[in-house]
Structures are given as structure tokens and as C-alpha cells.
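Asks: Give me the fold of what follows.
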Amino acid sequence: MAGSNGKQKTVRDMILSLGLIGIAAAVIYVFIPHDDSAPDIKTVDYRVELLTARRAASYPVAAPEGLPADWKATSVRFRGDRFDAWHLGFQAPGDQYVQIEQSTQKPSAFIDEASQGAEATKQTQQIAGRTWTRYTGGRYDALVHRGDGATTVVAGTGSLAQLTEMAKSLKMA
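Replies: Prediction:
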């Protein structure tokens, strides 16, 4: 008889321990704040990098002018050692991403990388006096302009209208 009483205490103690652990987990969950909203995107000031790129690049560097305030610059870099590669990324309205990429790299490799696998369509459009070719099917859709000594790619998750708005705002200098 003494043996069965010991087993009952062990089971009862185990259940009590699990209950205490559950209560502790519930208290921690309730009192530790958790925010399910999207994090604020940090904006960057790209003016210094733009001036540097425009001095160093072998082609006119593209940057937007006159975009609405809800377009936020989120990333910028110029790599003179890698085909004079210029990158400027934006958070567009609707939490979409649109980037400007320019380079003197071989166009086919550069476009594939910048658009993340998009393929050329037969559709072209005139935007701000330049001919742009549409690319689709990759991770990003893209508009591509070849000329001025470099390939310019406007690509991202944004809609064609957003890509076009960015391409329209580009000033080359």
C-alpha cells in the first residue's frame, strides 16, 4: 500500500508543476509588450552619395526629382569598383519597393541581377524622352533604358504605374 501512495504524490506534484509553469508563461505573455505592426522604415538622405556618384561615374547618374513625400528613400550605394554601380531604393506608397539601378556592366547580366530574373517583353514605352523596355516574370517587374553610357533599371514590387512614375521623375546628371 505504501508504494501506490508515493506514485499518486508524484503524479499530483507533476500536474501542480505543469500548472505553475502554465501560469508563469501566461503572466509573461500578458506583461511583455508585443507589437504586431510593421516596423517603421528608416529613411536615408542620399544627397552626399548622389554627388559622389555624379562626380565619379562615367555616365549621367539618375536620381528622382519631384516625387511625392510618401516615397521614402531607404537605401543608397555607389560602387565605383564594380562597374560604376549606382543603387537607390525607395519605399513606394502601399508598402511597395522601387529601386533605381545603373551600371556599365554587361547589360544582360546587370538586368538579370537588378530585376532578379525578369525577362524582356516586346513592349516599350516613351517616358520623359527615353525609350524604356518592360521586363516581367522575375521577383521584380522592371523598366530598362539602355543609353548614355550605362544601363538604367527601374525595378521593384511596385505596380507598373509606380515604376513609370519613378522613371518619369529621373533626372540624369
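
Asks: Would you tell me which helix is longest in this structure?
Replies: helix 2-31 (DSSP state H).

Asks: what are the ranges of the helices in the protein?
Replies: 2-31, 47-56, 107-115, 160-169.

Asks: so how far is residue 20 from residue 87?
Replies: 54 Å (C-beta to C-beta, to the nearest Å). Quick note: C-beta positions are derived from backbone N, CA and C, even for glycine.

Asks: tell me the contacts of residue 166?
Replies: Residue 166 sits next to 64, 67, 90, 92, 98, 100, 154, 158 when contact means C-beta atoms under 8 Å, 6 or more residues apart in numbering.

Asks: More neighbours: residue 87 and residue 20, which one.
Replies: Set residue 87 next to residue 20 and count neighbours by other C-beta atoms under 10 Å: residue 87 wins out with 19 against 10.

Asks: and the nearest residue to the more buried one once chain neighbours are set aside, how many neighbours does it have?
Replies: In space, residue 87 comes closest to residue 77 once its chain neighbours are excluded; the distance is 5.0 Å by C-beta to C-beta, 6 or more residues apart in numbering. Residues contacting residue 77 under the criterion other C-beta under 10 Å number 13.

Asks: what's the spacing between residue 77 and residue 173?
Replies: Note on residue 77: its distance to residue 173, by C-beta to C-beta, is 18 Å.

Asks: try residue 116
Replies: As judged by C-beta to C-beta, residue 116 and residue 173 stand 27 Å apart.

Asks: now swap in residue 16 and tell me
Replies: Distance of residue 16 to residue 173, computed by C-beta to C-beta: 74 Å.

Asks: cool, and residue 153?
Replies: Counting by C-beta to C-beta, the gap from residue 153 to residue 173 is 18 Å.

Asks: the more surrounded of these two?
Replies: Comparing residue 153 with residue 173 by other C-beta under 10 Å, the one with more neighbours is residue 153, at 31 against 10.
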